[in-house]
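**Student:** any chance you could fold what I've pasted below:
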Amino acid sequence: MTELTNEEKLLAETMYKWALNEIAPIQEEIDEQDKLPADFFTKLGQLGMLGITIDEEYGGSGQGIMMQALAVEQLSRISPALGMTYGAHSNLCANNIHKNGNKAQKSTYLPPMCTGEHIGALCLTEPNAGSDALGGMSTRARKDGNRYIMNGTKMFITNGSVADTLLVYAKTAPELGAHGISAFIVESRWPGVTVSKKLKKCGMRGSPTSELSFEDVEVPADNLVYEENMGVHVVTSGLAYERIVLSGGSLGMAEQALEYSIKYAKEREQFGRPIKDFQMIQQKLADMYCQTEASRGLVYKAARFADSPQGKRGGKGTELDKLAAAAILFAAESATRVCSDGIQIHGGYGYCLEYPIQKLWRDAKLYEIGAGTSEIRRMIIARELCR
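**Tutor:** Okay, the predicted model is just below:
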């Protein structure tokens with residue numbers, strides 16, 4: 001069911017209008033300079049968008065995954081890069097701490113993340129461990145009295161170079177493999193935490209992505225999230241929500257690519273008439289619409305299920321895991337196709353930087369790779385279907 005409530009419509013309209021007024025005029029500059037606007041998070045905090053899934057006692061508004069996915073969708077219509085960096089802060093980091101942290105951790109770290117005073121990032125992927133993020137993890141955290149000593153490197157970290165609060169995964173019992181991983185809250189200002197490399201990307205420019213190094217970082221034992229050697233629980237409890245929220249970004253890109261293409265097809269004339277009159281253009285527009293609306297159905301279904309009593313647990317053997325993988329698989333691949341068709345409709349102009357359709361095209365591909373590749377998502381869906 002894709003119908004929105006009045007409250008959901010209000011949030012979606014608020015985010016889209018804000019992005020249209022604040023981000024659209026500078027989106028070309030953001031892309032060219034690959035630079036996050038300095039006031040981006042503080043303005044979103046003032047708008048009340050940074051703590052959508054966080055309880056009111058910690059500065060949030062206590063709403064659900066559906067609202068969070070809508071916010072990412074609407075922001076991504078204007079700037080997919082900022083939609084992703086927003087999702088990484090509010091869902092991957094803040095919501096994970098909210099879901100798995102203790103009261104002291106939530107009281108300390110969530111309020112400044114809800115106002116935008118602090119920026120959050122999730123640190124899971126490593127240079128030599130992509131799809132095998134848990135089994136191939138080499139970052140270590142050794143217990144030493146009332147602290148852990150952390151050493152390792154994390155790669156492809158969204159917000160890594162600007163984040164204040166890091167949710168970092170490390171092996172605390174290497175002999176246990178994936179079942180010897182723990183999650184920690186790490187502050188980027190602590191000695192030993194460094195940005196070892198800022199990554200240059202062809203798309204999602206404006207969303208800072210980095211390699212982070214941890215060298216003998218002293219992490220207080222109080223910053224252990226959930227329980228020691230229970231990092232897999234923290235990962236699996238949050239990964240499905242991450243996929244659903246980010247699938248909203250793919251949906252937003254597809255929507256905007258369709259809008260750009262319809263407008264251009266009406267205005268552009270060839271052979272003495274608008275190109276919208278040609279059947280090949282009509283076919284592309286019709287296919288783009290169907291793929292966009294089918295994506296909306298899957299994304300919204302998954303988001304609503306995540307907010308239901310049955311959707312409170314993720315991981316193997318859950319309907320949530322299957323729906324989340326399906327939502328981002330279909331939405332991401334559909335967005336790539338829709339944006340590619342949008343380029344084709346625009347012709348040579350679509351390949352020029354003055355037309356924003358090319359930015360959506362460059363941005364769309366990442367969601368087939370991040371948050372688990374399309375291949376991994378298919379494996380998850382098939383695994384749950386065949387149980």
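
**Student:** just the buried residues of the longest helix seen in the chain, please?
**Tutor:** When secondary structure is assigned using DSSP state H, the longest helix within the chain turns out to be helix 231-267. By neighbour count on 16 or more other C-beta atoms under 10 Å, the buried set for helix 231-267 is 231-258, 260-262, 264-265. Glycine gets a C-beta too; all of them are placed from N, C-alpha and C.

**Student:** same check on stretch 17-26?
**Tutor:** Residues of stretch 17-26 classed as buried: 18-19, 22-23 (neighbour count, 16+ other C-beta under 10 Å).

**Student:** report the contact partners of A12.
**Tutor:** 4, 70-71, 73-74 (C-beta atoms under 8 Å, 6 or more residues apart in numbering).

**Student:** quick check: the farthest pair among these?
**Tutor:** The span of those, defined through C-beta to C-beta, is set by L4 and A71 at 12.6 Å.

**Student:** the two: which is more packed in?
**Tutor:** A71 (30 against 15; other C-beta atoms under 10 Å).

**Student:** what about the closest residue to V225 other than its chain neighbours, how many residues nearby?
**Tutor:** For V225, ignoring the flanking residues on the chain, the nearest one in space by C-beta to C-beta, 6 or more residues apart in numbering is A183 at 4.1 Å. The number of residues packed near A183 is 30, by other C-beta under 10 Å.

**Student:** any idea how far A221 is from A183?
**Tutor:** Distance, A183 to A221, using C-beta to C-beta, to the nearest Å: 13 Å.

**Student:** go on, S182?
**Tutor:** On the measure of C-beta to C-beta, S182 and A221 end up 11 Å apart.

**Student:** hang on, T209 packs against M155?
**Tutor:** No. Counting by C-beta atoms under 8 Å, T209 stays clear of M155, with 9.1 Å between them.

**Student:** higher neighbour count, these two?
**Tutor:** T209 (26 against 20).

**Student:** run a quick neighbour tally on the nearest residue to that one once chain neighbours are set aside.
**Tutor:** The spatial neighbour of T209 that comes closest, neighbours along the chain excluded (C-beta to C-beta, 6+ apart), is L199 at 4.5 Å. The burial metric for L199, expressed as a neighbour count using other C-beta under 10 Å, is 14.

**Student:** how about R268?
**Tutor:** When counting by other C-beta under 10 Å, one arrives at 15 neighbours for R268.

**Student:** next up, the contacts around it.
**Tutor:** Taking C-beta under 8 Å, 6+ apart, we find R268 in contact with 274-275, 346-347.

**Student:** from these, which is closest to A303?
**Tutor:** Each of the contacts of R268 was checked against A303 using C-beta to C-beta; the closest is H346, at 31.1 Å.

**Student:** show me what secondary structure element comes after the helix or strand harbouring that closest one.
**Tutor:** Using DSSP states H and E, H346 sits within helix 319-346. Downstream of helix 319-346, the first helix or strand assigned by DSSP H and E is helix 357-364.

**Student:** quick check: buried residues in that following helix?
**Tutor:** By neighbour count, and taking 16+ other C-beta under 10 Å as the criterion, the buried residues in helix 357-364 are 357-364.

**Student:** would you map the helices across the stretch 1-150 of the chain?
**Tutor:** 6-22, 27-33, 40-47, 65-78, 80-87, 96-100, 103-115 (DSSP state H, counting those that start in this stretch).

**Student:** tabulate those (JSON lines), appending mean pLDDT and distance to C290.
**Tutor:** Below are these laid out as JSON lines (pLDDT from 0 to 100; distance: least, C-beta to C-beta, whole Å):
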{"stretch": "helix 6-22", "mean pLDDT": "97", "distance to C290": "21"}
{"stretch": "helix 27-33", "mean pLDDT": "94", "distance to C290": "27"}
{"stretch": "helix 40-47", "mean pLDDT": "97", "distance to C290": "32"}
{"stretch": "helix 65-78", "mean pLDDT": "98", "distance to C290": "18"}
{"stretch": "helix 80-87", "mean pLDDT": "98", "distance to C290": "21"}
{"stretch": "helix 96-100", "mean pLDDT": "96", "distance to C290": "34"}
{"stretch": "helix 103-115", "mean pLDDT": "98", "distance to C290": "38"}
